[in-house]
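Visitor: just coords:
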Ligand code: G3H
């Protein structure tokens, strides 16, 4: 039996899937617009799992179900619904007290928690995130919601008083921006969609969200929770092909905030469709090619462990993944040996199996694309240096460690977003520094070493190239209270629990000259609770 045939053995027979993880086909017809769960009678998009099943006729992709292929008409209905709910800022939601909005979000979080098992199982079947990471994604999202509520309380407490400056009384708060379109990525379909959706909602905006291209069905169990937790029209869901349902929204000129996590190419294409670019606020998380610089004095064991996590967690499909390793010549052989050994210990298999780290890939033709990148590097002098590296069967692929990679190869600059690890040897530290300076992206970088003089010297030039420099640790987004952003083509705007509240709102104030009549008017408004904006309530 060839190794490729052994790989195919990873795909189970239906009877071998543990009963608790078996998923009945889910043919979703529902979508939420204007507070109603509508039933779609038109064409459906079939959803296949990256997990194939063995059957009488060999191995074939497992169908998971389907979702509605909505059209421009439903997209415009969703827009109309969100606009009506916003009502030029006069709607129930944008004028609601912060306390009441918080109650709605909290009630959503409660309902969401009851759907944990269903969503986790869908995360495994739809995008092949392993069980531990799928649970983490769900729990991290619930924590994110709770932390967002607390951050808003803090923000609101600071704004709950009047300021008197140069004879003017003012109360400064944050107000919503309008209708927000949220689109998340397939690798964190729940978490990253909610890291924009939740702050957008809690700040009083109304929303339309379109699930990612994979990881779509997992929102189905949450539709009722959205419907029951928010006033009608505040959350609208859009299903279908991006090129069909998104352009009508953008060309209408009625989207106020475009929150998108995905490729720069798609973001640019969609932004350009908006006829009033100055009106459109953008919150974008785009591409990255985070490098690690491994210096000669790095702690070998720690570095190998961190680089393994950084390069290959979730098969390298994280925007924050380490996508290229620069290793100093003096330790290159030791590093390659230990790193390849660690890669070969990674367990490949199905997401619910204990300890599995390498799982099937959701994007169609992904293994082919990875092989093209590897082939390009090999044709220019690199080799796949780990045992069985790059061998694949259908959607599953053994990670490939490619060495030595140089600047003529596509792997040097292209964001592979998959299980391929390019390694570049270097002598002079200028090599990785020039790489980072010349890169078109600038999200994060990692440096591994022990000499504080050297590390200190590297910090100053590098923090002006990337937005997070990780010392002796892999790149990552968390903790979610830390700012997550990027320079150049990597991002626009900053996300973190507290920064996101700012990204989806604008400082707005009510001001009056501090004259007796005005003072009396303001006092009355506050005492008689005549305004939700102008108030001195302190949320506990
Ligand atoms: O894909 C990008 C994610 O935001 C990465 O998050 O670093 O916590 O895996 P993570």
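Guide: Done, it's in. Note that the structure is a prediction, hence the values are computed from the model and not measured.

Visitor: what is the lengthiest helix in the chain packed up against?
Guide: Secondary structure assigned by DSSP state H gives helix 131-158 as the longest helix of the chain. On a contact count with 3 or more Cβ pairs under 8 Å, 6 or more residues apart in numbering; DSSP states H and E, helix 131-158 meets helix 98-113, helix 116-127, helix 191-202, helix 497-503. C-beta: built from backbone N, CA, C; applies to glycine.

Visitor: can you say which of these is packed in most?
Guide: helix 191-202 (a mean of 26; mean count of other Cβ atoms under 10 Å).

Visitor: what about residue 416, how many neighbours?
Guide: A total of 23 residues lie near residue 416 under the criterion other Cβ atoms under 10 Å.

Visitor: to clarify, my last question referred to residue 538.
Guide: 10.

Visitor: list the contacts of the most centrally placed residue in the chain.
Guide: Geometric centre of the chain, nearest residue: residue 192, 3.2 Å, by Cα atoms, centre = their mean. For residue 192, the contact set (Cβ atoms under 8 Å, 6 or more residues apart in numbering) comprises 184-185, 261, 285.

Visitor: now, which of those sits nearest residue 162?
Guide: Closest to residue 162 out of the contacts of residue 192 is residue 285 (37.0 Å), distances taken as Cβ to Cβ.

Visitor: dihedrals phi and psi, the closest one?
Guide: Dihedral pair for residue 285: phi -120, psi 110, per degrees, to the nearest 10.

Visitor: just the helices in the stretch 251-400 of the chain please.
Guide: For the stretch 251-400 of the chain, the helices defined by DSSP state H, counting those that start in this stretch cover 264-271, 300-312, 332-344, 366-379.

Visitor: now the second one: average pLDDT?
Guide: To tie it back to what came earlier, the one meant is helix 300-312. What helix 300-312 shows for mean pLDDT is 98.

Visitor: next, the buried residues of that helix.
Guide: By neighbour count on 16 or more other Cβ atoms under 10 Å, the buried set for helix 300-312 is 300, 303-312.

Visitor: can that helix be said to contact the ligand?
Guide: No: remark: helix 300-312 sits outside contact range of the ligand, by Cβ under 6 Å from any ligand atom, the gap being at least 9.1 Å.

Visitor: now that helix against helix 332-344, angle please.
Guide: 60 degrees (axes from the mean of the first three to the mean of the last three Cα atoms, to 10 degrees).

Visitor: what residues does helix 300-312 touch?
Guide: 290, 292, 294, 321-323, 325, 331, 334-335, 338-339, 342-343, 346, 357-358, 399, 419, 421, 446, 448, 472-476.

Visitor: the ligand next: which of these are close?
Guide: Among the contacts of helix 300-312, the residues lying close to the ligand (Cβ under 6 Å from any ligand atom) are residue 476.

Visitor: and the contacts of helix 300-312, which are buried?
Guide: Taking 16+ other Cβ under 10 Å as the criterion, what is buried in the contacts of helix 300-312 is 290, 292, 294, 321-323, 325, 331, 335, 338-339, 342-343, 346, 357-358, 399, 419, 421, 446, 448, 473-476.

Visitor: among these, which lie within strands?
Guide: When DSSP state E defines the strands, the subset of these inside them is 290, 292, 294, 322-323, 325, 357-358, 421, 446, 448.

Visitor: tell me the secondary structure for residue 129?
Guide: Put simply, residue 129 is coil when judged by DSSP: H, G, I helix; E, B strand; the rest coil.
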